[in-house]
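*Asks:* Can you look at this prediction? I've put the sequence above it.
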Amino acid sequence: MELKVLGSSSAGNCYILDNGKEALILEAGIAFPKVKKALGFNLRKVAGCLITHQHNDHAKYIRNMVDSGITTLALPEVWTAKQVAGSRAIAIRPGKGYKLGRFKVLPFPAFHDVPCVGYHIMHPECGRLMFLTDSCDCLQIFPNLSHLLIECNYSNYKLLEAVNKGYTGKPRLG
């Protein structure tokens, strides 16, 4: 399984887990033509797309995913904020498991200034991967993880502002 990083910043986030026959897209913050190019223009191998939250650097191109026939998982708040609906737009619940091809996916709560999740992803070729982004804490424990994929750029000022406004809980220290 290869991890392709198309973007990991406030300008846009998108990652692809790809074994050549099957792929899982994580986030939709990069222009869709770039995603298609990274997939060798083979959208049929895409098992699905996972979105963590509604901010544009993670979900700007979510409509392209759904309109291209890609089953996309996101919180109900994301679908509402992006005004996207359809049979491929799946509203998830943290703690409920989902299956996309041979990928098994478990969303779990994350801590941000908007509703946010991380994902525990399991696949026979990559084992157990935890994907977490834009979260000040992780209260979940996943035994026997093979990989951690954590996008962690943040501003202390913005984090303190979100905590003071009550958008984000206080992070645990130690």
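*Replies:* Perfect, thanks for sending it.
*Asks:* Only C-alpha atoms from now on, for both contacts and neighbour counts.
*Replies:* Will do.
*Asks:* Show the average pLDDT along the longest helix along the chain.
*Replies:* When the chain is parsed with DSSP state H, its longest helix is helix 156-164. For helix 156-164, mean pLDDT is 74.
*Asks:* Then stretch 38-53?
*Replies:* 97.
*Asks:* Would you mark the buried spots in it?
*Replies:* Residues of stretch 38-53 classed as buried by neighbour count (16 or more other Cα atoms under 10 Å): A38, L39, L43, K45, V46, A47, G48, C49, L50, I51, T52, H53.
*Asks:* which sections of the protein are below the confidence cut-off?
*Replies:* Counting by pLDDT under 70, the chain contains low-confidence residues at 153-155, 158-159, 167-174.
*Asks:* ok, 90 please
*Replies:* Across the chain, the ranges flagged by pLDDT under 90 are 7-11, 111-115, 133-143, 145-174.
*Asks:* In strands, which of the buried residues of stretch 38-53 appear?
*Replies:* Taking DSSP state E, the ones among these that sit in strands are V46, A47, G48, C49, L50.
*Asks:* okay, those residues in TSV with distance to L149 next?
*Replies:* TSV is the format used below for these (distance: Cα to Cα, whole Å):
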residue	distance to L149
V46	19
A47	19
G48	18
C49	16
L50	14
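*Asks:* any idea which of these is closest to R102?
*Replies:* The closest of those to R102 turns out to be A47 (Cα to Cα; 8.0 Å).
*Asks:* For that closest one, list the residues it contacts.
*Replies:* Each residue near A47 by Cα atoms under 8 Å, 6 or more residues apart in numbering is listed here: E22, A23, L24, I70, T71, L100, G101, R102, F103.
*Asks:* likewise K34?
*Replies:* L6.
*Asks:* Surely it is within a strand?
*Replies:* No. If the criterion is DSSP: H, G, I helix; E, B strand; the rest coil, then K34 is helix and not within a strand.
*Asks:* All the helices of this structure, in order from the start?
*Replies:* Ranges of helices in the chain, per DSSP H, are 32-38, 56-59, 62-67, 76-82, 156-164.
*Asks:* Not counting the second one itself, show me its contacts.
*Replies:* Outside of helix 56-59, the residues within contact range by Cα under 8 Å, 6+ apart are 9-14, 27-30, 51-53.
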